[in-house]
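J.: Dropping the sequence and predicted coords here.
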Amino acid sequence: MNAQANLAVAMGGAARPRKSRWPARLDFAQSATGLFLGLFMWGHMFFVSTILISQDAMWTITKFFEGYFVFGRSFPILVSFVVATVFAIFIAHAGLALRKFPINYRQYREYRDHMGMMRHEDTTLWYWQVVTGFAMFFLASVHLYQMLMHPGAIGPWESADRVWSGLWWPLYLILLFAVELHGGIGLYRLAVKWGWFEGKDPAATRKNLKRLKWALSVFFIVLGLATLAAYIKIGMGRDARAGQEFVPSWQRSTVPARPAATPAITPPSAPATEGSK
């Protein structure tokens, strides 16, 4: 026992067990991993949406992450390293978040009744964060595993083939809404929990943060839908050429067309003279 416990026993009182700091540490770890994943998803959305600019722009971003502009050639395994790191943080965050999930149907019903009675928007947002998080654990894991095992299958044509010909677009459509809603709610709750951007009026700050959260969610969902539609459009036009690697416009060799052959013109023969008859 420590000195405080000895003093308590000497005074005739019972020694109080020291409270563990692990719940606070785990809560901080959950917040930190959630913040990283939320910001990563925003960046990821901007990267994949470069297809809306041009196919060359998307190819440039892809090759940048493969080290093409540093080493002079592509190393898709660099993408695998990034995906593996994100995947590990994703699993850690999911494991930390499970501590707060209802562990049985009884707890779930109690929370539903509590939510219905309070009709508090933040309580409802937490419920939808749990629902979208549960869906993401399965949908995002499939996507991350695909990227981990096939890092070279990323690009304007390669991604379009996967989305359309590979029939991944239904999964990406559901995952888009789950990710953007979950991430937006999570970042809003982090800002409220840790007092970020807190002004003199906490109620007004929370209201403004909620407006910002919904504005960002709508923006990224619309951007994601437009991006998904662009990949589907490219994939639909490539059904007969699926599997071909994209070549940027400045690397395509152009062979000038040969001019059409000019038919030979035979000059008219001179008229016969009287002497030649």
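T.: In hand now; what should we look at?

J.: what element comes up after the lowest-mean-pLDDT helix or strand in the chain heading to the C-terminus?
T.: Sorting the helices and strands of the chain by mean pLDDT, DSSP states H and E puts helix 3-10 at the bottom, at a mean of 51. Using DSSP states H and E, the helix or strand that follows helix 3-10 in sequence is helix 22-48.

J.: Counting by contacts, list what the following helix or strand past that following helix packs against.
T.: Once helix 22-48 ends, the next helix or strand along the chain (criterion: DSSP H and E) is helix 55-65. Applying 3 or more Cβ pairs under 8 Å, 6 or more residues apart in numbering; DSSP states H and E, we find helix 55-65 packed against helix 77-97, helix 156-160. (Glycine included, C-beta is placed from N, CA and C.)

J.: if I look at the residue nearest to residue 48 when sequence neighbours are not counted, how far off is residue 171?
T.: Spatially, and ignoring its direct neighbours in sequence, residue 48 is nearest to residue 227 (5.8 Å; Cβ to Cβ, 6 or more residues apart in numbering). Counting by Cβ to Cβ, to the nearest Å, the separation of residue 227 from residue 171 is 15 Å.

J.: now swap in residue 244 and tell me
T.: Separation of residue 244 from residue 171 (Cβ to Cβ) stands at 23 Å.

J.: Kindly report the same for residue 63.
T.: Going from residue 63 to residue 171 by Cβ to Cβ gives 26 Å.

J.: again, but for residue 221
T.: Counting by Cβ to Cβ, the gap from residue 221 to residue 171 is 16 Å.

J.: try residue 179
T.: Taking Cβ to Cβ as the measure, residue 179 falls 12 Å from residue 171.

J.: neighbour count winner among the two?
T.: Each of residue 179 and residue 171 has its neighbours counted (other Cβ atoms under 10 Å); residue 179 has more, 25 against 17.

J.: if you skip the residues just before and after it, what's nearest to the more buried one?
T.: residue 41 (5.7 Å).

J.: Might you report the residue contacts of that neighbour?
T.: By Cβ atoms under 8 Å, 6 or more residues apart in numbering, residue 41 lies in contact with 179, 180, 183.

J.: circling back to that earlier point, any idea how far residue 169 is from the residue nearest to residue 48?
T.: In terms of Cβ to Cβ, residue 227 sits 11 Å off from residue 169.
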